[in-house]
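>>> Next one to model:
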Amino acid sequence: MHFAQQLGNSAFSWGMGQMINGADTAWLLISSVLVLLMTLPALALFYAGLVQAKNILSILIQCIAVTSLMSLLWVLGVYNEAFSGTAPFIGNLSHALLWHISRGAVHPGTHIPESVFVMFQMTFAVITPALIIGAYAERIRFSAVLMFSALWLIVVYAPVTHWVWGGGWLGKLGVMDYAGGIVVHVTAGTSALVIAAMLGPREGFRRSINPPHAPWMVMVGASFLWVGWFGFNAGSALVSGGDAGMTMLSTHLSAATATLTWIAIERIGFGKPSLVGAVTGTIAGLAAITPASGYVGPLGAIVLGFIAALVCYASVQVVKHRFKVDDALDVLGVHGIGGAIGTLLLPFLVFVGAGGVALPRSASAQFLIQLEGVASVALWSAVASFVIVKLTTMTVGLRVDRDTEIQGLDFASHGETGYNYD
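Prediction:
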């Protein structure tokens, strides 16, 4: 065992001469908290406010159960599946249960403890399957949520993470994904479309509209998401320096621009901008800037936020009205399409204004690499999710019966109600 020795610059050393930097470590600790806040309570409140009152608790318990299950699976072996080995497609399980991590171990290539990197990446592994909850809301069995999420983490999320961030084939190809446009949003959005289509629409879908039961709750959840996203994106710098600062600024500007753009779209199209629409624009801007946040400057982020709002708004309409798929809370239209847009436009937006990075190749060549990354991950996510849904259906069942859906999942599945009307 190696014992830490405090240095004057708040750094620590261990036996191999690697250094733990106190400032970087503190920033990653804070970022881990911020990203976890994005699931609990942010995403939980955001989704819970969007559903009917009789299903609010089902959303909340799904979020906290997925958070807990993904955390344990991450430590049992999924972390190593994503971030170990040199194979192009999958890591190895040589260090399952994190037996290789000592208290003073430093994550390779950084100045932060391995334990902090594990925790930071765990929060990504938590929120990504939690995003898919929005696609199957109000009609899925609770056991199916757990089984689907567990298999999805192992079969979809971990391999894609390895491909892009863990030394796999997409990273070696040159794909640029700063904080998860492909790894998080394309995987979740594509899989959301698959499970929503296979699950079938909610009762009354397209015949009647069930508006969000608590728009104020949606706004509170979205606000927490906006704040937490700074840890998501700026934390991905893994240092507390200029890159993190520019990433945070770009993240904020994209979100702000997309919010105002969505308000303008509704004002022009319907005469009245809605609160739920405004914060949906916020999330679209945040999803789009995620892959590009560490590469573009402020003006590039503003342009991306504007484009993301337009494209995501149109995508939401297409999924529901042309595809006729009940992606209940618009996971594909907002997250999947937003992440893809940011990934694909990244090579061109680094040149817009000051603050962008230099590309390792021409913008057109980088675009083709980005396109290959998005297409291959979307294809894998779709095929794997189809198989997982089939396995889930054959084992624990997928959808609740009609009476349960009409009564509401809160009481029928969990024996509780979110509100006391007496």
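
>>> Show me the shaky parts of the stretch 301-422 of the chain.
422 (pLDDT under 70).

>>> Sketch out the low-pLDDT regions of this protein for me.
Applying pLDDT under 70 to the chain flags residues 1-17, 422.

>>> biggest helix in it by residues?
Ranked by residue count and defined by DSSP state H, the top helix of the chain is helix 363-395.

>>> helices or strands up against that helix?
helix 142-152, helix 158-164, helix 169-173, helix 187-199, helix 337-349 (3 or more C-beta pairs under 8 Å, 6 or more residues apart in numbering; DSSP states H and E). Just so you know, the C-beta spots here come from the backbone N, C-alpha and C atoms, and that holds for glycine as well.

>>> repeat that with 7 Å
Other helices and strands packing on helix 363-395, by 3 or more C-beta pairs under 7 Å, 6 or more residues apart in numbering; DSSP states H and E, are helix 142-152, helix 169-173, helix 187-199, helix 337-349.

>>> Would you reformat those as CSV and include mean neighbour count and distance to residue 229?
Converted to CSV, the helices and strands packed on helix 363-395 look like this (neighbours: other C-beta atoms under 10 Å; distance: least, C-beta to C-beta, whole Å):
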stretch, mean neighbour count, distance to residue 229
helix 142-152, 21, 22
helix 169-173, 17, 23
helix 187-199, 25, 15
helix 337-349, 27, 12
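
>>> Which of those helices sits closest to residue 398?
Closest to residue 398 of the helices and strands packed on helix 363-395 is helix 142-152 (C-beta to C-beta; 5.0 Å).

>>> coming back round to it: helix or strand next in line after the longest helix of the chain, which one?
Using DSSP states H and E, the helix or strand that follows helix 363-395 in sequence is helix 402-407.

>>> Contacts for that next one, please.
Helix 402-407 is contacted from outside by 138-139, 203, 412-413, using C-beta atoms under 7 Å, 6 or more residues apart in numbering.

>>> give me that answer again for 8 Å
54, 138-139, 202-203, 412-413 (C-beta atoms under 8 Å, 6 or more residues apart in numbering).

>>> Turn those into a markdown table, columns for secondary structure and distance to residue 157.
Formatted as a markdown table, the contacts of helix 402-407 follow (DSSP: H, G, I helix; E, B strand; the rest coil; distance: C-beta to C-beta, whole Å):
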| residue | secondary structure | distance to residue 157 |
| --- | --- | --- |
| 54 | helix | 31 |
| 138 | coil | 24 |
| 139 | coil | 23 |
| 202 | coil | 26 |
| 203 | coil | 31 |
| 412 | helix | 30 |
| 413 | helix | 26 |
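
>>> Among those, the buried ones, what's the PyMOL command?
The buried residues among the contacts of helix 402-407 can be selected in PyMOL (16 or more other C-beta atoms under 10 Å) with this line:
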select buried, resi 54+138+139+202+412+413
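
>>> closest to residue 246 among the contacts of helix 402-407?
residue 138 (40.2 Å).

>>> For that closest one, which non-adjacent residue is spatially closest?
Nearest residue to residue 138, sequence neighbours excluded (C-beta to C-beta, 6 or more residues apart in numbering): residue 55, at 4.7 Å.

>>> Repeat that for residue 344.
Per C-beta to C-beta, 6+ apart, closest to residue 344 is residue 370, 5.4 Å.

>>> What strand or helix carries residue 20?
strand 19-21.

>>> Adjacent strands (with direction) for that strand?
Applying DSSP bridges, strand 19-21 is found paired with strand 11-13 (antiparallel).

>>> sorry, back to before: wait, the residue nearest to residue 138 sits on residue 412?
No - assessed by C-beta atoms under 8 Å, residue 55 is found out of contact with residue 412, at 9.9 Å.

>>> can you pull out the helices in the stretch 201-350 of the chain?
With DSSP state H, counting those that start in this stretch, the ranges of helices along the stretch 201-350 of the chain come out as 215-234, 242-270, 275-289, 298-317, 337-349.

>>> Tabulate those helices in TSV, adding columns for distance to residue 154.
As requested, these are exported to TSV (distance: least, C-beta to C-beta, whole Å):
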stretch	distance to residue 154
helix 215-234	22
helix 242-270	30
helix 275-289	24
helix 298-317	28
helix 337-349	21
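
>>> looking at these, which is closest to residue 394?
Of all these, helix 337-349 sits nearest to residue 394, with 30.7 Å by C-beta to C-beta.

>>> Return the list of helices and strands in contact with the closest one.
Judged by 3+ C-beta pairs under 8 Å, 6+ apart, helix 337-349 is in contact with helix 187-199, helix 275-289, helix 298-317, helix 363-395.

>>> any idea which of these is most buried?
With neighbours taken as mean count of other C-beta atoms under 10 Å, the helices and strands packed on helix 337-349 reach their highest mean count in helix 275-289, at a mean of 28.

>>> by contact count, what packs against it?
Short answer (3+ C-beta pairs under 8 Å, 6+ apart): helix 275-289 packs on helix 44-50, helix 215-234, helix 242-270, helix 298-317, helix 337-349.

>>> relative to helix 187-199, how tilted is it?
Put simply, helix 275-289 runs at 130 degrees to helix 187-199, going by axes from the mean of the first three to the mean of the last three C-alpha atoms, to 10 degrees.

>>> hey, C-alpha coordinates of helix 275-289 in PDB?
The C-alpha trace of helix 275-289 is given here as PDB (Å, rounded to 0.1, in the frame of the first residue of the first chain):
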ATOM      1  CA  LEU A 275     -43.900  26.500 -20.000                       C
ATOM      2  CA  VAL A 276     -43.500  22.800 -20.900                       C
ATOM      3  CA  GLY A 277     -42.400  23.800 -24.400                       C
ATOM      4  CA  ALA A 278     -39.900  26.300 -23.100                       C
ATOM      5  CA  VAL A 279     -38.100  23.800 -20.900                       C
ATOM      6  CA  THR A 280     -38.300  21.100 -23.600                       C
ATOM      7  CA  GLY A 281     -36.300  23.500 -25.700                       C
ATOM      8  CA  THR A 282     -33.800  23.800 -22.800                       C
ATOM      9  CA  ILE A 283     -33.300  20.100 -22.800                       C
ATOM     10  CA  ALA A 284     -32.900  20.000 -26.600                       C
ATOM     11  CA  GLY A 285     -30.200  22.600 -26.400                       C
ATOM     12  CA  LEU A 286     -28.400  20.800 -23.600                       C
ATOM     13  CA  ALA A 287     -28.500  17.400 -25.400                       C
ATOM     14  CA  ALA A 288     -27.200  19.000 -28.600                       C
ATOM     15  CA  ILE A 289     -24.300  20.800 -27.000                       C
END
